[in-house]
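Asks: Sequence below, structure please.
(one chain, ligands or ions: 1)
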Amino acid sequence: MLVAGNWKMHKGPAEARAFCDAFTPPAGVDVVVCPPYVSLAAALASGLTVYAQSVHWAREGAYTGEVSAPMLLELGVTGSIVGHSERRQYFGETDDSVARRTAAALEAGLGVIACVGESEEERESGRTEFVLVLQVESVRDAVGAHERLVVAYEPVWAIGTGRTATAEQAQEAHAFIKSLLDRPVLYGGSVKPENAAELLAQPDVDGALVGGASLEPSSFTAICEAAAAAAA
Ligand code: PGA
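Replies: Below you'll find the predicted structure:
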């Protein structure tokens, strides 16, 4: 079981330090936090496992605003989220750029949480599987079932909305993703202490990617404990 806290654009270094001082990962579950770039060093100083929220495909170069895998590794960061739906929606991330970022990160030695998931309109028009095939196969064709690759299924309509996928919807999507690419699959989208246990009890739910509920040590701890219990 892996639980990743995606802080998105929250917590500068001082708030990151305060979170880490108040948070102790429970035993029996792998826990990572994903702070904004400027707070990576502060989180690393606490001894937690730290992932970035994105990573560029080039080692260095004229790519203003981007950060490369070797730079993250030099800092002590061990992995990165790639292809989060907010990057796809607001920053022009495509299946192709997600595949390139994933391949470069894995090749450099980072772990990757590659995010996939359908929009509400895609689900309602019956295109969920079609979209998942495109997203998952572009990553699979680039890197295969790499041992440091994890997939996160995050239905866009469930992110930050309070509308979680049902445990059955999550299980169905996770099994489908694994039929395309045999790697662990995290669920993401309004995971909270109240719904974590049921989602994590599904046979093909291998952990959680948590946004809003990862910002408070108490709620993030409760979700990590639910994952540890599900793994036991
Ligand atoms: P949420 O975000 O838990 O706030 O819905 C999840 C994510 O975007 O990774």
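Asks: Endpoint to endpoint, stretch 35-44 covers what distance?
Replies: End-to-end distance for stretch 35-44, by Cα to Cα, to the nearest Å: 10 Å.
Asks: Just the buried residues of it, please?
Replies: 35-37, 39-40, 42-44 (16 or more other Cβ atoms under 10 Å). Where C-beta positions appear, they are placed from N, C-alpha and C, glycine not excepted.
Asks: Then stretch 60-69?
Replies: Residues of stretch 60-69 classed as buried: 66-69 (neighbour count, 16+ other Cβ under 10 Å).
Asks: List the contacts of it.
Replies: 37, 52, 54-56, 58-59, 70, 80, 104-105, 107-110 (Cβ atoms under 8 Å, 6 or more residues apart in numbering).
Asks: same thing but 10 Å
Replies: Contact with stretch 60-69 is made by 37, 40, 52-59, 70-71, 74-75, 77, 79-80, 91, 101, 104-110, 112, as judged by Cβ atoms under 10 Å, 6 or more residues apart in numbering.
Asks: From these, which land in helices?
Replies: Taking DSSP state H, the ones among these that sit in helices are 40, 70-71, 74-75, 101, 104-108.
Asks: Can you narrow these down to the ones near the ligand?
Replies: Among the ones in helices among the contacts of stretch 60-69, no residue sits close to the ligand (Cβ under 6 Å from any ligand atom).
Asks: Emit the PyMOL select command for whichever of those residues are buried.
Replies: Those of those that count as buried under 16+ other Cβ under 10 Å are selected in PyMOL with:
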select buried, resi 40+70+71+101+104+105+106+108
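Asks: Tell me the one of the ones in helices among the contacts of stretch 60-69 nearest residue 126?
Replies: Using Cβ to Cβ, residue 101 comes nearest to residue 126 of the ones in helices among the contacts of stretch 60-69, at 29.4 Å.
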